[in-house]
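S.K.: Here you go, sequence then predicted model.
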Amino acid sequence: MSRVTLRDVAERAGVSTAATSQALNDRGNLRPETRDRIKAIAASLGYTPNKSAAALRSGRTMSIGFVMATNSLHDGRRALQRARQLDALVRAGSVRGFTVTVLPDSRPDLLAGAQLDGLYFPDPSDDRAILREAQARGIPVAAVDLTVALGGVTIRTGYAAAVRAGLAHLAAAGAERIGFLVDESEVPRDQLGESAYLAWSAVNGRTPVVSRVDAGRRRLITAVHALLDAGVDAIFAYCEEGPEIYLHLEEIGVVLPRDLQLLALCTIDCALNDRLGVSHVCLHPERAPDEMFRAFDRGPVMDHVRDGVLTAPVELPWELVRGSTTR
C-alpha cells in the first residue's frame, strides 16, 4: 500500500495542499470547521506527516549527536550510566522523529562531516574539545552538570542539591555523625555527591566518614560495617542500596529508624524503599534529554542569552521522600 500524501488529503477534502498543511499544523486563518474537517479526513485516510521532507524544508537534519568517551566502558559503573544516558536520549529523540549519532569525545574533527541539529554532552568528565568545536561551528549544545559558554544549554541533575537536603534531613532527625556510602568509581555523579557531602560536613562542623562500595557490591556489607565501627549514627546510602542495607541492619538487630537513621539515593525505582519505609531522595537524570529538546524547540539557543549572560540553567526535579517512623 502506497503512503498517503498531503496531496491525497487535499484532493479528498477539496482544498489546496497549502490549506491542508495549514490545517494539519494549526497555522493560517482557516475557519475552525474547515480545519476540523481536513483533520478528520487526514485521520480517516491514515495520513502521517513525512518528517524527512519537513526536515528538508526547515533545514533540519533530525539528528542529535551523543558524545561517548573513548574509555567509558572500562569502568563498569560508568558504562552502565552511559548506557542509561544513551537510552534516555534515544527514547526522547524517537518520539520527536530524531535519530542519534554517537561521536567519540576524542574526535572533534568528525563534526566537520556530521549533520546535526544539536550535540548532547552527558558527562562533564569527558574531553571537552568536541564541545568547543561544536560551539565554534554554531552547533547548539546541551551539557549535563557542566556550565557551557554562551550559546549552550546547561542541565543540572540535582545530585549536589539532593545530597545537601538529605543530610539536612538526617541532621534534623538528630543524627550527630553521618557516614557517606559511595561507589568506588569515576562516575561524575559520585564525585558530585561526595564533594557535596564533604562541603556540607565542613560548613556544619561535622567530621566526614566515607566508605566505598565496589562495583560488584561484594563489599557492600563490609563498607556498611566500616561506617558502624567508626561510630556513625546515620548513613547516607548514595550508592542506591538502601533496601539491602536496611534489611541487613534489621537482620543484625539494628531496628530502623529508632537506633540508626538511613537515607538512600534513588534514580530508577523507589518502590522498594517506599515499601520498607526507607527515607530517600529521588532524582530523575533520565529527563535531561527531554529538557534539551524543549530548550532547542524554543528556537536558536542564542535566543536564551540576555544582555550577554545565559539564562538560568535547566534544573531537573528531585524529591525528598521521608520514610515511615513506625515498624
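M.R.: It's in. Numbers count the residues shown, from 1 in each chain.
S.K.: Name the SS class of residue 100, please.
M.R.: Using DSSP: H, G, I helix; E, B strand; the rest coil, the structure places residue 100 in strand.
S.K.: List the beta-bridge partners for it.
M.R.: In this structure, residue 100 bridges to residue 64 when assessed by DSSP bridges.
S.K.: That one touches residue 92, doesn't it?
M.R.: No: Residue 100 sits out of contact with residue 92 when judged by CB atoms under 8 Å, with a separation of 9.5 Å. All C-beta spots, glycine's among them, are computed from the backbone N, C-alpha and C.
S.K.: out of these two, which sits in the busier spot?
M.R.: residue 92 (22 against 18; other CB atoms under 10 Å).
S.K.: Now for that one: which residues touch it?
M.R.: Listed by CB atoms under 8 Å, 6 or more residues apart in numbering, the contact partners of residue 92 are 289, 290, 292, 293.
S.K.: change it to 10 Å
M.R.: 64, 98, 100, 120, 286-294 (CB atoms under 10 Å, 6 or more residues apart in numbering).
S.K.: list residues touching both of residue 100 and residue 92?
M.R.: With CB under 10 Å, 6+ apart, residue 100 and residue 92 have common neighbours 64, 120, 289.
S.K.: gap between residue 221 and residue 188?
M.R.: For residue 221, the distance to residue 188 equals 26 Å [CB to CB, to the nearest Å].
S.K.: same deal with residue 168?
M.R.: According to CB to CB, residue 168 and residue 188 sit 23 Å apart.
S.K.: more crowded one of these two?
M.R.: residue 188 (20 against 13).
S.K.: And for residue 195, the neighbour number?
M.R.: Residues contacting residue 195 under the criterion other CB under 10 Å number 13.
S.K.: is it fair to say it lies in a strand?
M.R.: No: counting by three-state DSSP, residue 195 falls outside a strand, being helix.
S.K.: That one touches residue 238, doesn't it?
M.R.: No: Residue 195 is not in contact with residue 238 according to CB atoms under 10 Å; the separation is 11.4 Å.
S.K.: Mutual contacts of those two, please.
M.R.: 159, 163.
S.K.: sorry, back to before: between the shared contacts of residue 100 and residue 92, which is closest to residue 41?
M.R.: Checking those against residue 41 by CB to CB gives residue 64 as the nearest, at 33.6 Å.
S.K.: Next, the contact list for residue 195, please.
M.R.: The contact partners of residue 195, by CB under 10 Å, 6+ apart, come to 159, 160, 163.
S.K.: Once you drop chain neighbours, what's closest to residue 214?
M.R.: Sequence neighbours aside, residue 184 is the residue nearest to residue 214 in space, at 5.3 Å (criterion: CB to CB, 6 or more residues apart in numbering).
S.K.: Could you do residue 8 as well?
M.R.: In space, residue 8 is closest to residue 45, 6.3 Å off (CB to CB, 6+ apart).
S.K.: Quick check, pLDDT for the one you found.
M.R.: Residue 45 carries a pLDDT value of 90.
S.K.: burial of it, as a residue count?
M.R.: 14.
S.K.: Would you check that it makes contact with residue 24?
M.R.: No: taking contacts as CB under 10 Å, residue 45 lies outside contact range of residue 24: 11.7 Å.
S.K.: show me where pLDDT drops low in the stretch 1-150 of the chain?
M.R.: 1-2, 49-59, 72, 149-150 (pLDDT under 70).
S.K.: Okay, helices next: where are they in the stretch 101-250 of the chain?
M.R.: Using DSSP state H, counting those that start in this stretch, the helices of the stretch 101-250 of the chain run over 129-136, 159-172, 188-203, 220-229, 242-251.
S.K.: quick one: which of the shared contacts of residue 100 and residue 92 is nearest to residue 7?
M.R.: Scanning those for proximity to residue 7, where the rule is CB to CB, the winner is residue 64, at 30.8 Å.
S.K.: Against residue 247, how distant is the residue lying closest to residue 133 once chain neighbours are set aside?
M.R.: Leaving aside its sequence neighbours, residue 133 sits nearest to residue 108 (CB to CB, 6+ apart; 3.8 Å). From residue 108 over to residue 247 the distance is 48 Å, taken as CB to CB.
S.K.: neighbour count winner among these two?
M.R.: Legend: neighbour count by other CB under 10 Å for residue 108 and residue 247, higher for residue 108 (20 against 13).
S.K.: how many neighbours does the nearest residue to residue 219 once chain neighbours are set aside have?
M.R.: Closest residue to residue 219 apart from its sequence neighbours, by CB to CB, 6+ apart: residue 213 at 6.3 Å. Using other CB under 10 Å, residue 213 has 25 neighbouring residues.
S.K.: go on, residue 91?
M.R.: Neighbour count of residue 91, defined by other CB under 10 Å: 12.
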